[in-house]
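Peer 1: Let's see this in three dimensions:
(12 chains)
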12 protein chains.
Amino acid sequence: MAARCHPVHDIGAAIASGSVPVSGMIVAPCSMRSLAAIAHGFDDNLLTRAASVQLKERRRLILLAREAPLTLAHLRNMTAVTEMGAVVMPPVPAFYLGHGTLEEAASQVAARAVDMMNLSAACAQAWSP
Amino acid sequence: MAARCHPVHDIGAAIASGSVPVSGMIVAPCSMRSLAAIAHGFDDNLLTRAASVQLKERRRLILLAREAPLTLAHLRNMTAVTEMGAVVMPPVPAFYLGHGTLEEAASQVAARAVDMMNLSAACAQAWSP
Amino acid sequence: MAARCHPVHDIGAAIASGSVPVSGMIVAPCSMRSLAAIAHGFDDNLLTRAASVQLKERRRLILLAREAPLTLAHLRNMTAVTEMGAVVMPPVPAFYLGHGTLEEAASQVAARAVDMMNLSAACAQAWSP
Amino acid sequence: MAARCHPVHDIGAAIASGSVPVSGMIVAPCSMRSLAAIAHGFDDNLLTRAASVQLKERRRLILLAREAPLTLAHLRNMTAVTEMGAVVMPPVPAFYLGHGTLEEAASQVAARAVDMMNLSAACAQAWSP
Amino acid sequence: MAARCHPVHDIGAAIASGSVPVSGMIVAPCSMRSLAAIAHGFDDNLLTRAASVQLKERRRLILLAREAPLTLAHLRNMTAVTEMGAVVMPPVPAFYLGHGTLEEAASQVAARAVDMMNLSAACAQAWSP
Amino acid sequence: MAARCHPVHDIGAAIASGSVPVSGMIVAPCSMRSLAAIAHGFDDNLLTRAASVQLKERRRLILLAREAPLTLAHLRNMTAVTEMGAVVMPPVPAFYLGHGTLEEAASQVAARAVDMMNLSAACAQAWSP
Amino acid sequence: MAARCHPVHDIGAAIASGSVPVSGMIVAPCSMRSLAAIAHGFDDNLLTRAASVQLKERRRLILLAREAPLTLAHLRNMTAVTEMGAVVMPPVPAFYLGHGTLEEAASQVAARAVDMMNLSAACAQAWSP
Amino acid sequence: MAARCHPVHDIGAAIASGSVPVSGMIVAPCSMRSLAAIAHGFDDNLLTRAASVQLKERRRLILLAREAPLTLAHLRNMTAVTEMGAVVMPPVPAFYLGHGTLEEAASQVAARAVDMMNLSAACAQAWSP
Amino acid sequence: MAARCHPVHDIGAAIASGSVPVSGMIVAPCSMRSLAAIAHGFDDNLLTRAASVQLKERRRLILLAREAPLTLAHLRNMTAVTEMGAVVMPPVPAFYLGHGTLEEAASQVAARAVDMMNLSAACAQAWSP
Amino acid sequence: MAARCHPVHDIGAAIASGSVPVSGMIVAPCSMRSLAAIAHGFDDNLLTRAASVQLKERRRLILLAREAPLTLAHLRNMTAVTEMGAVVMPPVPAFYLGHGTLEEAASQVAARAVDMMNLSAACAQAWSP
Amino acid sequence: MAARCHPVHDIGAAIASGSVPVSGMIVAPCSMRSLAAIAHGFDDNLLTRAASVQLKERRRLILLAREAPLTLAHLRNMTAVTEMGAVVMPPVPAFYLGHGTLEEAASQVAARAVDMMNLSAACAQAWSP
Amino acid sequence: MAARCHPVHDIGAAIASGSVPVSGMIVAPCSMRSLAAIAHGFDDNLLTRAASVQLKERRRLILLAREAPLTLAHLRNMTAVTEMGAVVMPPVPAFYLGHGTLEEAASQVAARAVDMMNLSAACAQAWSP
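Peer 2: As a prediction, this is how the structure comes out:
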């Protein structure tokens, strides 16, 4: 799905500078390590640096953080990034939509994340009672 | 799976008193409303009262909180219950185990929750590299 | 003892408005649910609305909160209402006064609560060494 | 003025799900009970659930909270919703505009709230020195 | 209505000293600037100095703060003065009393503020269901 | 009831060292002075030192704190010891059990405290609806 | 000036119980040790116990704390007692009143402290511009 | 560059009211005094009032705060305005772009600030590796 | 005593810049207004700007803050400046030194302040038991 | 003493998953870097990931953190891990046991750490007065 | 090693006054009780009073605090004294220096503490790779 | 300008130990990554370890942190290091000195940083009105 690939340690890639305009960023999945680095401004590789750039330029940043159970450290990190403007979105299946396979459930999660970017018409399946 | 059922407003059921010994409690799924009530000691029905009793008796309480994305209020509530000794466990599938159906993924989540009760031998499928 | 009775859901009763002058309010016993509602400004029935009115009009509000053991949520709620000007008064017997029956002990607790209203001469039995 | 009506306990209405796109929400008037529920993620009826959905989807939420005087609980709740992205807008008349009737004043308040939704050209009367 | 007038920069007026007994003070309207100065102990003119004196002498101080919408700074200032013992009272009309003109509504607000001083019999119109 | 007695200033008694294994400790009654000392790690006599040892060895510590009304200092101390793992248990009678004498009520309180130690079968009378 | 004297360790004196009515208490001078004990609810002698009783009964407590310079611990203690309702009043001379001797200055400080008790007509010399 | 000029004390200028629509505001340079006033809602002149209006209307506000070294007060003020939605942007030169003169560096800083307003196509020179 | 005088609004005086080396600064007396301005980085005249410069250059700053009683705002401001490195020194007389006149007491206070500058041999009278 | 060895970067080792049951973990010595990573949920190698797993599974985690003197960052990290349930245990010798060599002292420290795991009978030498 | 000895309760000794110049103070070992007293400004004996004087005079204070494991109370006290300017220095041996006996290790700890006083040339053995 | 060079991963270099005396340290430029590591005690390379050593030995540490705009994470990190005693000094040009080239401006910044070390006579150009 990615049109361009950068090695994670290529900290000099264009997307690591705020002067290069992009619309935002989705991190999927977002490991607890990446979450911690973003929460504390620890820009130590291209992924966390680019995420930090979205925050400093006040662009959208969406984190599909997957971990269970959660510790206080995980929750404090999630709280910190939310206070900074990021969106924490655990990839929990939308059980009420009646998907059979994990793949369908994952696609719905991905579609919801893309919708949060406000780029275009909605991708996700809307719920109707 | 439940051996006994109580109406949610039967606040006088035995499990609503700390003097009645039980081993702990799993809330699955745990709605954002139940999470909020437990986090603030708002014991307004049997579910939230019984959960509060586990906390005051220092027994295990496991909350399979499902919501995405999360607001600051959700994260503050998760933090509060964790500080009180509960375990927040979002029902995110263990993608790395290669389950095909949502049902298999849900079973693994349930097994992990039961394991957290420390009642017996492990139910969940252990991961091996 | 009550000269007037209001159904708990009669949120339109006169005492639910700050423009109606009363001297204060004693909640006895004060359940953990009522305490939580008052602590968070959750005015969802006549009792908690009337209690909230005492706080906003800066009148005396006395809460005979009974629960043991206490969780962090209970203690945070007690702290919050105390910061707002309410008085948290757990109905613990004054063992050193040598009462024989629970009723005598409860009467002393009630008398002490009434004395905290500063309405008249002291009701409670003073301790003398 | 409402094109559609939902009973407040119809928690299954479409607007209670984040997957249904709306532009935002104005709560007018916003009672202290609704404010408290929104501030703590206590999604216990359709109004508070829908408000919570606006916050989790990062859409605009405007609360015309009316109460005086204010307690610490009210102010903490207003602070909490503001930190989550909502806009607290007490319906105080714009005295300097010289309106005669309460209705004119209320209309100006409503127009200002609608303007905060950023939907169209300004409705409210602009002030000129 | 004022029996005595002081220029706002006459910081040497008698009411600027705690040793001069007065019953309390109502600031109406209370601008966001005055609120901020009182909240931070910034006694830079006669109004804010006199307000500060009420707080240090533990006398009643009532602030009819008018602003909408509110920022975090406004809410933090309101919280701070409330923690110090002042009463924040936004001049929102009591819509449920059915006043027709803004002037009637303003009179009721003023009467409620005077009542909060506890000087005499109630001025405000009490609500009856 | 005590099998062994130590003078309160015998800070050199064996139970003052973490290297001596005991199961836990109940302080009954727990004065506000002892509560304050434990809350701040102020190990100034055998009682408070031994209580502190339970906390540092992560063993059970139960405090039957008796005081009413409570100040902010008392509530902050109760909060602090709870955050450290202790259990605050005000000796409030279980009115709903219908005890006649204060002694019966006190016995039930004591039995509940012993049950919190998890040493054996329950001592306290369980409540049944 | 004292009509009655109690040894500081006579913790059983009548004024150590909240059930004995007094109007309030002035501690002059208030050592940093007494301030610390009151701030943390450390009721370890008659002075600090009696001060704590004023706070729990919501009576006036005035502390003439004398120390310079101040550490963070001193300031935190002063803040804590102020949050609990006490009045911190450093015995700084009112230089602008033109007193010649330290004794005159001290008398004015004492008179101001007594005035804060709201017992009678003002004792202190009022300032006039 | 300014199309219109207002004296700094002309607090009655149109831009001091939220009902007058503008797109946002850049303060360049932003003195430590202006930063402090904005951070605390201290709307004491046209500049700080207008900045406060941007925050209450949730419009963009960009502060080119210049000071070095920074004290805790400066950092707390920067944190406060960031929590309120403003953007703190110290005018540090983009050394890696290889500008020779201070004027070129300042132009790039200005261009970056304008870009943060999201008004049009990017002004600033983008960085390319 | 001053070798050089600057008008308080001469914000362009040399001592308002950190690049001009001085040893530190004593503010005597320090009004509550100056304290508030320094605590919040509100550099609005030469006195508060110069004080702020001492803090940012990490030089000694001593504040002889005189006020009684103190409000929470005063105590929070004193706490803030102490956290930033300043020294709060209320001009309370050293009663135990037996001075007769206010002038002697004031001289000792001044000498102690000068000693805190660490410039030379001690000026203040040392206490000997 | 180790029955199995894993390279520190082998993040895929079985002990890095919560689904693999172990009893707990002792980190000896625990560098300030490891402490920081655990405190912030920064799971960047096998050691810190495995430690984090103990915390999320609510198992015992013991950290023999060695550093002196300590900075605020070190103390905040120690506080954070303690709040999450870990045990901070600086390897300070038990001077009062009269050991001669550093090795004996270190053995006692190790024995105490093992005892904290609650696996078996006590290893450490108990102190007797 | 001490040139002068004072009984711990001789609170009137010269070193208990800030007007007597000393260079600083090392507390070795520093019990948890002394640490708690210093952290809270609880100047109840000569040791804690003298330590408090170092802090208020902004002189160096070094605390060789020995305890393991640590509770939250211990860590909060260590944090508090560090915020006040003291140096917390647990007497952990410098294992990497290869000392054989506990006495050598203790000497190195002592030398490091003396070096922190900045009195003279370094005493401690420097580490070289 | 450097007399000695160490590879950044040579964590065993002499300057990584507190027992080796140096006067302090300037980090120029200080990346957001280094700032984050120092703020959280994350001593993961020679630069951040050496910086941490300055803080634990209470020596001067100066950070020329360059980033714009700033996120909450950056500001919290700057606040944390300032609370620990470091000096945050963004390399903003001193525009009022009238330098033409970026190099002159950078030299002045460097000179100011060196002056903050208090090693010798001032290097930076002082400002004169």
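Peer 1: mind checking the SS state of whatever residue of chain A ends up closest to chain L?
Peer 2: As assessed by Cβ to the nearest Cβ, chain L sits closest to residue A:41 within chain A, at 3.3 Å. C-beta coordinates here come from the backbone N, C-alpha and C atoms, glycine included. Secondary structure assignment for residue A:41 (DSSP: H, G, I helix; E, B strand; the rest coil): coil.
Peer 1: Just checking the helix or strand of chain A with the lowest mean pLDDT against chain D, any contact.
Peer 2: Every helix and strand of chain A was ranked by mean pLDDT, DSSP states H and E. The lowest is helix A:102-116, at a mean of 89. Yes - using Cβ under 8 Å from any Cβ of the partner chain, helix A:102-116 comes into contact with chain D via A:112, A:115-116.
Peer 1: from those residues, which are also near chain B?
Peer 2: Counting by Cβ under 8 Å from any Cβ, the subset of the residues of helix A:102-116 next to chain D that neighbours chain B consists of A:112, A:116.
Peer 1: can you map out the strands along chain A?
Peer 2: Shown for chain A, the strands assigned by DSSP state E span residues A:24-30, A:60-65, A:87-88.
Peer 1: Go ahead and measure how far the longest one is from the middle of the chain.
Peer 2: Taking the mean C-alpha point of strand A:24-30 and that of its whole chain, the gap between them comes to 3 Å (Cα atoms, centre = their mean, to the nearest Å).
Peer 1: Over to stretch A:59-69?
Peer 2: That offset, for stretch A:59-69, works out to 5 Å (Cα atoms, centre = their mean).
Peer 1: Could you measure from the residue of chain A at minimum distance from chain C over to residue J:58?
Peer 2: As assessed by Cβ to the nearest Cβ, chain C sits closest to residue A:72 within chain A, at 12.9 Å. Note on residue A:72: its distance to residue J:58, by Cβ to Cβ, to the nearest Å, is 11 Å.
Peer 1: same deal with residue A:78?
Peer 2: Residue A:78 is 19 Å from residue J:58, by Cβ to Cβ.
Peer 1: Any regions of chain A where pLDDT drops low?
Peer 2: A:1-2, A:120-129 (pLDDT under 70).
Peer 1: For the spatially most central residue of it, name its beta-bridge partners.
Peer 2: Geometric centre of chain A, nearest residue: residue A:63, 2.4 Å, by Cα atoms, centre = their mean. Beta bridges link residue A:63 to residue A:27, residue A:88 when assigned by DSSP bridges.
Peer 1: show me where chain A has helices.
Peer 2: All helices of chain A, identified by DSSP state H, fall at A:32-39, A:46-56, A:72-83, A:102-116.
Peer 1: In contact with the residue nearest to the centre of chain A, which residues?
Peer 2: A:27, A:30, A:34-35, A:38, A:51, A:81, A:86-89 (Cβ atoms under 8 Å, 6 or more residues apart in numbering or on different chains).
Peer 1: where's it relative to residue H:89, distance?
Peer 2: For residue A:63, the distance to residue H:89 (Cβ to Cβ) stands at 25 Å.
Peer 1: Flag every residue of chain A that's near chain L.
Peer 2: A:18, A:38-44, A:52, A:55-58, A:80, A:83-84.
Peer 1: which of those residues sit farthest apart?
Peer 2: A:44 and A:58 (22.1 Å; Cβ to Cβ).
Peer 1: If you count surrounding residues, which of those two has more?
Peer 2: More neighbours surround residue A:44 than the other of residue A:44 and residue A:58, with 22 against 16 (other Cβ atoms under 10 Å in any protein chain shown).
Peer 1: Tell me which residues touch the residue lying closest to the more buried one once chain neighbours are set aside, please.
Peer 2: Counting by Cβ to Cβ, 6 or more residues apart in numbering or on different chains, residue L:33 is the residue found nearest to residue A:44 once chain neighbours are left out, at 5.4 Å. Residues in contact with residue L:33 (Cβ under 8 Å, 6+ apart) are A:42-44.
Peer 1: ok, those vs residue F:101, which is closest?
Peer 2: Nearest member of the contacts of residue L:33 to residue F:101, counting by Cβ to Cβ, is residue A:42, at 63.2 Å.
Peer 1: Could you tell me which residues make contact with the residue nearest to that closest one when sequence neighbours are not counted?
Peer 2: In this structure, residue A:42 finds its nearest non-sequential neighbour in residue L:36, 4.3 Å apart by Cβ to Cβ, 6+ apart. Taking Cβ under 8 Å, 6+ apart as the contact definition, residue L:36 lies against A:40-43, L:42, L:73, L:77.
Peer 1: go with 6 Å
Peer 2: A:40-42, L:77 (Cβ atoms under 6 Å, 6 or more residues apart in numbering or on different chains).
Peer 1: what's the farthest-apart pair in those residues?
Peer 2: Spatial extent of those (Cβ to Cβ) is set by the pair A:42 and L:77 at 9.0 Å.
Peer 1: wait, doesn't residue A:88 sit right on residue A:78?
Peer 2: Yes - using Cβ atoms under 6 Å, residue A:88 is in contact with residue A:78, at 4.7 Å.
Peer 1: Contact residues of chain A facing chain I?
Peer 2: Within chain A, no position is near chain I by Cβ under 6 Å from any Cβ of the partner chain.
Peer 1: And the residue of chain A closest to chain E?
Peer 2: For chain A, Cβ to the nearest Cβ, closest residue to chain E: residue A:83, 11.8 Å.
Peer 1: mind checking how far stretch A:13-20 is from the chain centre?
Peer 2: Worked out by Cα atoms, centre = their mean, stretch A:13-20 lies 18 Å from the chain centre.
Peer 1: and the end-to-end length of it?
Peer 2: End-to-end distance for stretch A:13-20: 10 Å, by Cα to Cα, to the nearest Å.
Peer 1: Closest approach to chain F from chain A, which residue is it?
Peer 2: residue A:72 (11.8 Å).
Peer 1: what about the closest residue to that residue other than its chain neighbours, how many residues close to it?
Peer 2: Distances taken as Cβ to Cβ, 6+ apart place residue J:84 nearest to residue A:72, at 4.7 Å, with adjacent residues excluded. Other residues near residue J:84 number 23, with proximity taken as other Cβ under 10 Å.
Peer 1: how far away is the residue lying closest to residue A:105 once chain neighbours are set aside from residue B:64?
Peer 2: Excluding the flanking residues, the one nearest residue A:105 by Cβ to Cβ, 6+ apart is residue A:93, at 3.8 Å. As judged by Cβ to Cβ, residue A:93 and residue B:64 stand 12 Å apart.
Peer 1: can you check residue A:52 too?
Peer 2: For residue A:52, the distance to residue B:64 (Cβ to Cβ) stands at 32 Å.
Peer 1: who's more crowded, these two?
Peer 2: Ranked by neighbour count (other Cβ under 10 Å), residue A:52 and residue B:64 place residue A:52 first, with 28 against 22.
Peer 1: Could you list which residues are in contact with that one?
Peer 2: By Cβ under 6 Å, 6+ apart, residue A:52 lies in contact with residue A:43.
Peer 1: Go again with 10 Å.
Peer 2: Taking Cβ atoms under 10 Å, 6 or more residues apart in numbering or on different chains as the contact definition, residue A:52 lies against A:16, A:18, A:37-38, A:40-44, A:61, A:84, L:32-33, L:36, L:67, L:71, L:73-74.
Peer 1: Buried among the residues you listed? Make that a PyMOL selection.
Peer 2: Per 16 or more other Cβ atoms under 10 Å in any protein chain shown, the buried members of the contacts of residue A:52 correspond to this PyMOL selection:
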select buried, (chain A and resi 16+18+37+38+40+41+42+43+44+61+84) or (chain L and resi 32+33+36+67+71+73+74)
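Peer 1: Identify the residue spatially nearest to the residue of chain A found nearest chain J, adjacent ones excluded.
Peer 2: Closest approach between chain A and chain J, counting by Cβ to the nearest Cβ: residue A:73, at 3.3 Å. Take residue A:73 and drop its neighbours on the chain: the residue closest to it by Cβ to Cβ, 6+ apart is residue J:41, 3.3 Å away.
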